[in-house]
Structure formats: C-alpha cells, structure tokens
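S.K.: the following comprises the amino acid sequence and a computationally predicted model.
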Amino acid sequence: MPYFPEDFIFGVATASYQIEGAWNEDGKGESIWDRFAHTPGNIQDGTTGDVACDHYHRFEEDVALLKELGVDAYRFSISWPRIFPEGRGRVNEKGLDFYRSLTGKLQEAGIKPVVTLYHWDLPQKLQDKGGWESQETVEAFAEYARFLFQSFAKEVFLWITHNEPWVVSFVGHYEGRHAPGKRDFKSALQVSRNLLLSHGLAVQAFREEKTLGSIGITLNLTPVHPFSDSEEDILAAKRCDGYFNRWFLDPLFKGEFPEDMLLWYEKKGFALPQLSEEEKSLIAQPIDFLGINYYFRRVVGKGEGAIFEVEFFNPPQSEYTDMGWEIYPEGLYEIVKRVSEEYQPEDIYITENGIALPDQPDSKGRINDQKRIDYLRSHLLALHRAVDEGCPVSGYFVWSLMDNFEWGFGLSKRFGLVYVDYTTLQRIKKASFYWYQKVVKSKRVD
Ligand SMILES: N#[N+]C[C@@H]1[C@@H](O)[C@H](O)[C@@H](O)[C@@H]2O[C@H]12
C-alpha cells in the first residue's frame, strides 16, 4: 500500500460563512453572503448561514473533533466583516478574540492553523461601494491582510490570500449563482483583475511584515477533455481550459493573462482588463505554494453557447456525486502533473477534495458513507502517483470537516466527515471520519 512522506500534511478544510453562524453577533458586520442568502429565491432550499453549524459558539467541541481525527493541520477562513464590520477602519475586537481563541485551541491540540483570508464573505459596506469591481476594495483587502499578518504574526502555518478567485469572479459576477449575484461578464473580467491585484498587495504586505509561515493562493482547477478528437472539440476544450484554469494560472506564474483568451474576449466585444507592467509584476511575484481545489474534470465539445461556444457532456459510464459532479480521480493526478510541469510552483497543497452525498443516520444513528471512503481513497492514490513521480505536493485537505452551508444549495448538500443535525446541531462522526483518522495516523492509503 502506498505511503505518503512522513512530513506530508493531512488536514481538513472549512470556511467562515459555511460553518460559523452568529451572522450578526458580537459586532460582526453584514457580509454579501448574509445579504444574498437573506434574499428570497437565491438559496435552493431556502436556508441561510445565520446559524449553519454554530461553530462560533461550538469551536471548542469542533477542535476536539479535529484532535480526535488527528489531523496535522486545519484550514479555516477568517470572516472579514467579523474583523472590520465596515470593511476597513474600525476593528471589532470581539471578532479578533474569536480567532485568537480558535488558533489558541488549535495550538494546544498540536494542529497547524491554515488561514484563508478571503473565502467569499465580503463586507456588504464594501459591496455597496462597488465591491470587487472597485479599487477601494483592493486597497481595503490589503489593509485587512496586513492587519491579520500583524495580529497573527507567528501562529499561522499557511496563509491563503484568496479561495477560488474564478468562482468569485464568474459565478458571483457572471453566472449570478453566488453573491453578489451579478450577471455581467465585463464585471467578472474586472473583478478577476482586482482579485489578482489584491493578492499581490497582500503577498507584498506579508513579506514586509516578515510574518512567519508561508503564503499562497488557492485555485479551483479542472482538467478539460475534448468530447471527440475533432478539431472543433479540441479548440472548444482549449477555450474552456483558458476560461477555467489558465485565466488565473498565467497571470500568477507567467505575469500575463492568456493571449488566446484576451483575443477571444476582444472578438466577443468585451473590454479587456488592463494591467500595467508594474501590476503584472506585483501579481506574479513569487509565492511559497499553490493551493489546488480539485473535485472533477470537464468534458466539452463545440457548442452554441453565447460566449464560449461550447457544450458540456456527462460521460454516461461515469459515477456522479450529489452535486452532479463526475467522479474522476485521474483528474487530480493530471492537474498536479500539468501544473508542476507547466507552471513550476514552489510547492503545492491540495487545499480541497471531497464529495457530497445524501448522508443520513441509520436506525442505530450511524452513517456508513462508504462511497466517500472510496472517493477519498481513489483520489489519494491518484495524488500519491503524482508525488511518487516527483511533483512538489506537501499536503492534502479533505473538504470538509463537517457538513455545512453549501452556498447556493444551502444546507442540502453534505460534504463532511462529520454529520451535522441542523435541528440539534449534534455532530455525528461518519465511517469516513474513522477511515481518514487511520490514513492520517499511518500516512498510508489502505
Ligand atoms: N461546491 N462545493 C464544495 C466546495 C465549497 O463548499 C467550498 O467553499 C469551495 O471552496 C469549493 O467549491 C468547493
């Protein structure tokens, strides 16, 4: 059976809006996800993150679960409006105290904190002034980041500036399925530019503050395969690879947006995001690691879609998750190999990988999520192949520690190693919790 290196980091991941609840407690300001979830029709099951897993009040119980799981590290995000209720200026000390208590409990448990600065819950006050389309938000993010580097100068193992800027840009500002719910491709292009600039300013601040730990960014990356070997399907797959993957990988590691995508957007009549040479250098300054969130691949062919002229296919022979995502473990090997060879990141962490299943307790209150065990095993074996072939991967985080608020799907999709009864907020460890506990302890995938 394959062993991972002795110093390989095994962890689990969560995010503030998805687990904390206490949406308006102890001085926290409103976020765009509070506003979006409170707007009728936006969330499929009509729920909100107002309570979610109530982690804000139950974090000590949850750290005890992490300790029992035996993980080396725990990835969580800090709620920007819990620190700066208006986005900048006045600090909410009670919010800062919460994260001080959380990191303190993690250190007592011997667990490395991994902090995501931005996991989508922008202060609403900044959105009211243009949000990520505005330079003010870029500057406010740099201030927020620097404040956190100063406040947690020694406690954090990894700092992640942004989680999935592609989702923030295109799902939040073009598809409209996420906060702030805009449907404007030009806005999405501008937002992607500003997210990259804010990342660069945060990395600069991290270096200036001489903060301990490492800094990087997390991208959701998906291999894109052509439906057939026809030239038009191959070109469609290349366009999608540019849209989903290279749009952020290229500026971060090559200092330029991908030329083919700029030409395609220009042909479609969109104003292109502009970057000066100085801004390109700021964005592409060296980072210590790349975080990769991997869930599935995409199979595409030539289609009639308005912007990309592509059609998506679901291979009938594959299995699918509760999110409708294809189960394709090979894709994790593929994306790690491709990124390692084409972009040469200093280091890679798989910052999310997991599966949504319709988990329910049986008559004895147990949850036998064997399909999640199979999913995690197959993806860890694929990852191990990449590590064995010399790819610089130093860690892997399961999404997620516990069931939580799944954005536009609300509380209806369960990704956790721990089941959450949203009526009682009881936590119930699933079979996968105990399976992963063994993997973490042995560094071996059985
Ligand atoms: N959907 N889904 C599951 C999971 C989501 O819950 C995370 O917040 C995101 O970072 C990423 O999309 C992946």
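M.R.: Structure received.
S.K.: quick one: secondary structure of His396?
M.R.: Actually, residue 396 is Tyr rather than His. Secondary structure, DSSP: H, G, I helix; E, B strand; the rest coil: Tyr396 is strand.
S.K.: that one: neighbour count?
M.R.: When neighbours are defined as other Cβ atoms under 10 Å, Tyr396 has 29 of them. Every C-beta, even on glycine, is put in place using the N, C-alpha and C of the backbone.
S.K.: which helix or which strand is home to Gly365?
M.R.: Following DSSP states H and E, there is no helix or strand that holds Gly365.
S.K.: does it touch Ile428 like I think?
M.R.: Yes - Gly365 lies in contact with Ile428 (Cβ atoms under 8 Å); the separation is 6.7 Å.
S.K.: check the closest residue to the ligand within the stretch 201-350 of the chain and give its pLDDT.
M.R.: For the stretch 201-350 of the chain, the residue closest to the ligand is Asn293, as judged by Cβ to the nearest ligand atom, at 5.3 Å. We have a pLDDT of 99 for Asn293.
S.K.: same check on the one 10 residues further on?
M.R.: Gly303 is assigned a predicted lDDT (pLDDT) of 96.
S.K.: please apply the same query to the one 3 residues further on.
M.R.: Reading off the confidence values, Ala306 has pLDDT 78.
S.K.: for the chain, longest helix please?
M.R.: If you go by DSSP state H, the chain has its longest helix at helix 185-208.
S.K.: distance of the residue of the stretch 1-150 of the chain found nearest the ligand from Tyr118?
M.R.: The nearest approach of the stretch 1-150 of the chain to the ligand comes at Ala15, 4.9 Å away (Cβ to the nearest ligand atom). Separation of Ala15 from Tyr118 (Cβ to Cβ, to the nearest Å) stands at 10 Å.
S.K.: what is in contact with these two at once?
M.R.: 77, 163 (Cβ atoms under 8 Å, 6 or more residues apart in numbering).
S.K.: counting neighbours, go ahead and name the busier of Gly365 and Ile428.
M.R.: It is Ile428, of Gly365 and Ile428, that has more neighbours when counted by other Cβ under 10 Å, with 17 against 10.
S.K.: any idea which helix or strand carries the more buried one?
M.R.: Assigned by DSSP H and E, Ile428 belongs to strand 427-429.
S.K.: give the other helices and strands that that strand contacts.
M.R.: Counting contacts by 3 or more Cβ pairs under 8 Å, 6 or more residues apart in numbering; DSSP states H and E, strand 427-429 is packed against helix 55-69, strand 418-420.
S.K.: and the protein, which residues reach the ligand?
M.R.: When proximity is defined as Cβ under 6 Å from any ligand atom, the chain approaches the ligand at 15, 18, 163-164, 293, 352, 399, 406, 415.
S.K.: switch to 8 Å and redo it
M.R.: By Cβ under 8 Å from any ligand atom, the residues of the chain that approach the ligand are 13, 15, 18, 119-120, 163-164, 167, 218, 220, 293, 295, 323, 352, 354, 356, 399-400, 404, 406-407, 409, 413, 415.
S.K.: what lines up beside the strand holding Ile428 in the sheet?
M.R.: Sheet partners assigned to strand 427-429 using DSSP bridges are listed as strand 418-420 (antiparallel).
S.K.: which other residues reach the partner strand?
M.R.: By Cβ under 8 Å, 6+ apart, the residues outside strand 418-420 that reach it are 53, 65, 359, 361, 367, 401-404, 426-430, 433.
S.K.: just the buried members of those?
M.R.: 53, 65, 359, 367, 401-404, 427-430, 433 (16 or more other Cβ atoms under 10 Å).
S.K.: would you reformat these as JSON lines and include pLDDT and distance to Ala37?
M.R.: Below are the buried ones among the contacts of strand 418-420 laid out as JSON lines (pLDDT from 0 to 100; distance: Cβ to Cβ, whole Å):
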{"residue": "Cys53", "pLDDT": "99", "distance to Ala37": "15"}
{"residue": "Leu65", "pLDDT": "99", "distance to Ala37": "25"}
{"residue": "Asp359", "pLDDT": "98", "distance to Ala37": "22"}
{"residue": "Ile367", "pLDDT": "98", "distance to Ala37": "26"}
{"residue": "Leu401", "pLDDT": "99", "distance to Ala37": "21"}
{"residue": "Met402", "pLDDT": "98", "distance to Ala37": "19"}
{"residue": "Asp403", "pLDDT": "98", "distance to Ala37": "17"}
{"residue": "Asn404", "pLDDT": "98", "distance to Ala37": "13"}
{"residue": "Arg427", "pLDDT": "98", "distance to Ala37": "22"}
{"residue": "Ile428", "pLDDT": "98", "distance to Ala37": "25"}
{"residue": "Lys429", "pLDDT": "98", "distance to Ala37": "28"}
{"residue": "Lys430", "pLDDT": "98", "distance to Ala37": "26"}
{"residue": "Phe433", "pLDDT": "99", "distance to Ala37": "28"}
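S.K.: cool, thanks, signing off.
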